[in-house]
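1. Sequence first, then the predicted structure, then my questions.
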Amino acid sequence: MADNAPCEVVLREGDAAPDFVLKDADGKDVRLSSFFGRSVVLYFYPRDRTAGCTIQAKSFRDEFDALAGHGALVVGVSLDSSESHCDFRDRHGLQFPLLADPDGRVHDLYDAWWTTLLGRNAMGVRRCTFVIDGSGIVRRVYKHVNPIGHAKQVLKDLEVLSAVAP
């Protein structure tokens with residue numbers, strides 16, 4: 001975590017999504033609220049170029065058109081640098097923004113951390129996803145994501161959300 005203190009923010013469905021500005025893979029500032037008006041699939045992942053994270057990113061890449069068909073944009077966030085994101089994006093043909101949060105500030109806002117007590121305290125990035133509607137409201141929270149099949153589950157949930165949207 002940014003300050004190594006426990007996160008006291010627990011984001012729930014129905015809450016306003018905290019706004020933020022982070023650098024993308026090209027080093028440009030990206031503000032979450034600039035995407036409002038359409039749904040955002042905001043996902044947090046541990047590291048570029050690791051097996052699970054690659055599977056997850058490629059799954060979102062493969063479902064990109066279907067997700068966009070429901071008005072959704074995918075945005076990935078990790079602690080990696082913009083340079084690392086640029087290589088990861090280009091290597092795997094990712095069509096969506098990857099944002100760099102090297103100090104963990106946005107991870108704090110979204111409680112994207114886990115801790116374990118296996119003989120000692122250890123912290124790591126929680127693989128989690130938030131579906132945010134066009135008004136900036138969190139509609140789905142996935143706190144313990146398995147990268148295999150997750151993009152398809154998000155797509156199914158977007159289909160349901162689209163069907164019940166006013």
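-> The structure has been received and is ready for your questions. Residues are numbered from 1 along each chain as shown.
2. Which residue lies nearest the spatial centre of this protein?
-> Taking CA atoms, centre = their mean, the centroid of the chain lies closest to Tyr43, which sits 1.4 Å from it.
3. Could you report the distance from that residue to Ser82?
-> Tyr43 sits 17 Å away from Ser82, going by CB to CB, to the nearest Å. Just so you know, the C-beta spots here come from the backbone N, C-alpha and C atoms, and that holds for glycine as well.
4. which residues in the protein form strands?
-> If DSSP state E is used as the criterion, the strands of the chain fall at 21-23, 29-31, 39-44, 72-78, 98-100, 113-117, 121-125, 128-132, 138-142.
5. dump the residue contacts of the residue nearest to Phe35 when sequence neighbours are not counted.
-> Using CB to CB, 6 or more residues apart in numbering and skipping residues adjacent in sequence, the residue nearest Phe35 is Leu73, 5.5 Å away. By CB atoms under 8 Å, 6 or more residues apart in numbering, the residues touching Leu73 are Phe35, Arg38, Ser39, Val40, Val41, Leu67, Phe96.
6. What residues are bridge-paired with Leu73?
-> Beta-bridge pairing for Leu73 (DSSP bridges): Val40.
7. separation between it and Ala17?
-> For Leu73, the distance to Ala17 - CB to CB - is 13 Å.
8. joint contacts of those two?
-> Val40.
9. List the buried residues of stretch 62-74.
-> Neighbour counts over stretch 62-74 (16 or more other CB atoms under 10 Å) mark Glu63, Phe64, Leu67, His70, Gly71, Ala72, Leu73, Val74 as buried.
10. I'd assumed Ser39 was in contact with the fifth one.
-> Yes: the pair formed by Gly71 and Ser39 meets the contact definition of CB atoms under 8 Å, at 5.3 Å.
11. shared neighbours, those two?
-> Gly134.
12. Who are the contact partners of the residue nearest to the centre of the chain?
-> Gln56, Phe60, Val74, Val75, Gly76, Val77, Arg127, Cys128, Thr129, Phe130, Val145.
13. from memory Val21 sits against Asp29, does it?
-> Yes: Val21 is within contact range of Asp29, at 5.3 Å (criterion: CB under 8 Å).
14. average model confidence for the biggest helix by length in the chain?
-> Across the chain, the longest stretch assigned as helix under DSSP state H is helix 150-164. For helix 150-164, the mean pLDDT works out to 91.
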